[in-house]
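A.B. asks: The sequence isn't on hand, but the structure is:
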DNA sequence: TGCAACCGTGAGCAAATGCTCACCGACGCA
DNA sequence: TGCGTCGGTGAGCATTTGCTCACGGTTGCA
C-alpha cells in the first residue's frame, strides 16, 4: 500500500499530481510533457494517491458522520446508511433521526411508488418532517395490522395517513389487528377481500419503512399486547435479539420462530426481501444487538440511525463476527405468496 | 467562485464528494443512489470543488516549487518550467539548476533528436549531470561559434562534445568563431561548406539548449570579446535587457538591433522559433530582467531557473506589465534560411 | 550459461466523464 | 394576465479514463 519512495520518484509523482489535480491537465497532455506513455502516467498517478502524495480531503460539515455511514454500508452491504450525530436529549435525537428518514424518503420517492409502513416509535415521528417540495403520487400501505394498546401515532395505519397527507398521496389502511388469538381467526381475516388486498399491495411495495424492535420486556411488541413478557423472555432464551414486523432474528441474522408467529397479520421477512428498498429507522438506545441481527439478516437496504447505535453496532460486529450459517428459510407466519 | 452554501446544500455536496472521492463510486451510481440525473451529480461535484468542500492537496517534497513553476508556465505560456529551491552557495545553486536541466533532457531526448547548444555558464554545467539510463542516439550541434576569451567548458563546441559523451551520442562542432571583425568575413565563413552545414543542422534541431545573457559589463558576451563595454552600454541605452545567442531583446520582448549583429555566427531568434523545444538554463543572480525579456519574446519553451530569479521575474512581470507591441520581425544577422 | 518466472510496458477497448445544446418552468415586468 | 427572459435540467456526443491483455526484457535459479 504505502510503499516507500525514492527522492526522485517522489518528485516525479508530485509533479504529475500537481499537473493533473491542480492544473487540471489531461493524462495524455501530461504523458506528452513528460515523455511517458499515457497508461504509465495513469499508474504513476494511482501510486501517487496510494502513497499519499495526493490527499483528497472532503471537508464535511461537523454534524455529519460520513465515516460511520461508509463503514455501515461496507460491512453490511447497505445501499445507504444515514447516521445522526449524538444529542443529549433522547427525544431530540429521535426527532433528528426521523427528520433524516423523512429527507431520505423525499428524495427517494417519486410518482407511482408504493410504500409499505410498519409500526414503531421512530417511524411514527417521520410524518412530522415529511414535506416534499412538490406533490407526490405515492401510496402508503400498512404492512401490519393495528394495535389498540399503543399510542395512535405509532400505529401503521395512522402513520400511512399522515405520510400521505404530507405529500398529497394515498393511504391504504389494513383494517385488521396486528395480532389475533388463533391461527383460525387469522386465516379467516386473511380470507377477507379488503384485508387480503391491503396486504397484497403492501407485499408489492417498492419501498418499506420499518422500525426495528428489541426483545426487552418494554419493547413495542410487548407494549402493544402482541406478546407477553413470558413470550418475549422465551424468545430471548432462543437467542432472538430483535424484530421487524414481528419477524424475530438472532444476533447472526437467523430467523427465530416466535410463539405468535402464525397469529400475526404482517409482511414476512420473505416479503420484505422482495421489496426494493427497506428503510429501517431506529433511534432508541439499547438497540444495537437488535440492529446488528437485522442487518445480518440482509433485509435492510437503508439504515437511518443515531450515532450511539451506529458506533455500538460496528463495535459489536467487530467483536462478535457473524457465524457461518445465515438467515435463509425459516418459518413463514404469513403464508400468502405474491 | 466560492459562493455561500446553505446547510442542506453543504450536506448534500459533502455526501456526494465523500461517495465520489473517498468511496470511489462512479457518478452514475451516485446519481442512482441520490435519485439525481448524472449531469446534475457532475455539476454538484464541480460546485463541491469550487466551494472547497473537497480539497485536493498535493503533498509535494519540500524542495519543489510547484507553485512558482505553474505561475511561470501560465503567465508566459511555457510548456514547462523547473524551479530549483534557493541555496546559500551560488555555485551549488548553479549546479542544482544544471542538474535539473540535465534531468529534463534525459527524459525529453530520445533516439534521433538533434539538439542545438549555445554557450553559457549554466549551460556549461549541464554535461556534468547528464547521464541517461541508456545510450541515446542524439546529435548535439553548436548553435554558435567558439570564443577563445571564455573558459573551455562554457564554449558550445565543448559542451556538445561533453553532452554527446554523456549519452553515447554524436557531437557536431561549429568550426568558426562566434564573432568576426566584419560582415565580409562572416559571409566568407558562411560560404564554407563545413560551417554552413553545421549551422544548418543546428537550425533543424528539435531541441535547443541555451543560456540567457545579461547586459551588464561583466556579461558573457563582453567577457568573450564579442562586445565591448561601450557596445553593451549602447545596447542598454537602447533598452536591451538580455540575449540568447547574441539576439538581444528589451523588457517587453522586442528585438533590439545590436552593433555586432551581422558579424555573429549563431542561430537567430527566427531560427529558434522554429525549434520545437527551446530549453533555457539560467542561474546567475541579477538576471530577472533578461529572463523576463526573453520570456516575453516568446522564444523559450522550457525554463530551468533558480528560485530567486523565478520569484523576481514573476514580481517584475506583475509590476511592469508588457506593452502592447511585441517582438516580431527585427533584423536578421544570420541570413541563411532553412 | 541456459531457462523460467516475473515485473513493467504499451496497445486496444469499454466505461466513465465533461460538455454542448435544446428545452422547460419560474419569475419579473409590462 | 400575458409575454419575455433566465436559471436550471437532462439528452446525446466527444473526450478522457481505467482496465485487460499479450509482449519483452530482466532477474534469479539451476
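C.D. replies: That came through fine. If you're wondering where the values come from, they're calculated on a predicted model, not measured in any experiment. Residues are numbered from 1 along each chain as shown, chains lettered A, B, ... in the order given.
A.B. asks: Confirm that residue A:234 sits in a helix.
C.D. replies: Yes. Counting by DSSP: H, G, I helix; E, B strand; the rest coil, residue A:234 is located in a helix.
A.B. asks: where's it relative to residue A:259, distance?
C.D. replies: 7 Å (Cβ to Cβ, to the nearest Å). C-beta here means a position set from N, CA and C on the backbone, and glycine is covered the same way.
A.B. asks: Any idea which residue of the stretch 51-200 of chain A lies closest to DNA strand C?
C.D. replies: Among the residues of the stretch 51-200 of chain A, residue A:134 lies nearest to DNA strand C; the distance is 7.7 Å by Cβ to the nearest atom of the strand.
A.B. asks: Just give me the neighbour total for that residue.
C.D. replies: 8 (other Cβ atoms under 10 Å in any protein chain shown).
A.B. asks: Check the secondary structure at it for me.
C.D. replies: Counting by three-state DSSP, the backbone at residue A:134 sits in coil.
A.B. asks: if I pick it, what's in contact with it?
C.D. replies: With contact set as Cβ atoms under 8 Å, 6 or more residues apart in numbering or on different chains, residue A:134 has no partners.
A.B. asks: Residue A:198 now?
C.D. replies: Shown in contact with residue A:198 (Cβ under 8 Å, 6+ apart): A:141-142, A:172-175.
A.B. asks: Mind doing that once more with 7 Å?
C.D. replies: By Cβ atoms under 7 Å, 6 or more residues apart in numbering or on different chains, the contact list for residue A:198 reads A:141-142, A:172-174.
A.B. asks: Make sure residue A:252 is actually in contact with residue A:296.
C.D. replies: Yes. Taking contacts as Cβ atoms under 7 Å, residue A:252 lies within contact range of residue A:296: 5.8 Å.
A.B. asks: So for the two, which residue has more residues nearby?
C.D. replies: Neighbours of residue A:252 and residue A:296, each counted by other Cβ under 10 Å, are more numerous for residue A:296; the result is 23 against 19.
A.B. asks: Which helix or strand contains that one?
C.D. replies: Element membership for residue A:296 (DSSP states H and E) is helix A:288-297.
A.B. asks: sorry, back to before: if I look at the residue of the stretch 51-200 of chain A closest to DNA strand C, how far off is DNA strand D?
C.D. replies: For residue A:134, the distance to DNA strand D (Cβ to the nearest atom of the strand, to the nearest Å) stands at 12 Å.
A.B. asks: And the strands in the stretch 101-250 of chain A, which stretches?
C.D. replies: Along the stretch 101-250 of chain A, the stretches classed as strands by DSSP state E, counting those that start in this stretch are A:114-117, A:139-142, A:170-172, A:207-211, A:240-244, A:247-250.
A.B. asks: which one of those strands lies closest to residue A:84?
C.D. replies: Nearest to residue A:84 among the strands of the stretch 101-250 of chain A is strand A:207-211 (15.3 Å), distances taken as Cβ to Cβ.
A.B. asks: elements contacting the closest one?
C.D. replies: Strand A:207-211 is packed against strand A:114-117, helix A:121-129, strand A:277-282, with contacts defined by 3 or more Cβ pairs under 7 Å, 6 or more residues apart in numbering or on different chains; DSSP states H and E.
A.B. asks: Among these, single out whichever gets nearest to DNA strand D.
C.D. replies: Evaluated over those, closeness to DNA strand D peaks at strand A:277-282, with 19.4 Å, by Cβ to the nearest atom of the strand.
A.B. asks: Tell me which residues of stretch A:296-314 come out buried.
C.D. replies: Buried residues in stretch A:296-314, counted by 16 or more other Cβ atoms under 10 Å in any protein chain shown: A:296-314.
A.B. asks: Contact partners for the closest residue to DNA strand D within the stretch 151-300 of chain A?
C.D. replies: For the stretch 151-300 of chain A and DNA strand D, the shortest gap (Cβ to the nearest atom of the strand) falls at residue A:167, measuring 18.3 Å. Listed by Cβ under 7 Å, 6+ apart, the contact set of residue A:167 reads A:130, A:132, A:135-136, A:138.
A.B. asks: tell me the phi and psi of the nearest residue to it once chain neighbours are set aside?
C.D. replies: In this structure, residue A:167 finds its nearest non-sequential neighbour in residue A:136, 4.0 Å apart by Cβ to Cβ, 6 or more residues apart in numbering or on different chains. When quoted as degrees, to the nearest 10, the phi and psi of residue A:136 stand at phi -120, psi 130.
A.B. asks: cool, residue A:306 as well?
C.D. replies: When quoted as degrees, to the nearest 10, the phi and psi of residue A:306 stand at phi -80, psi 160.
A.B. asks: Quick check: it touching residue A:91?
C.D. replies: No. Residue A:306 lies out of contact with residue A:91 (Cβ under 7 Å); the separation is 11.8 Å.
A.B. asks: re the thing from before, could you redo the contacts of residue A:198 as TSV and give each row pLDDT, neighbour count and distance to chain B?
C.D. replies: Output for those, formatted as TSV (pLDDT from 0 to 100; neighbours: other Cβ atoms under 10 Å in any protein chain shown; distance: Cβ to the nearest Cβ, whole Å):
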residue	pLDDT	neighbour count	distance to chain B
A:141	96	28	21
A:142	95	31	25
A:172	94	21	23
A:173	92	18	27
A:174	92	26	28
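A.B. asks: Mind listing what's buried along stretch A:191-205?
C.D. replies: Of the residues in stretch A:191-205, those buried (16+ other Cβ under 10 Å) are A:195, A:198-199, A:201-203, A:205.
A.B. asks: In chain A, which residue sits furthest out from the middle?
C.D. replies: For chain A, the residue at maximal distance from the C-alpha centroid (Cα atoms, centre = their mean) is residue A:35, at 50.7 Å.
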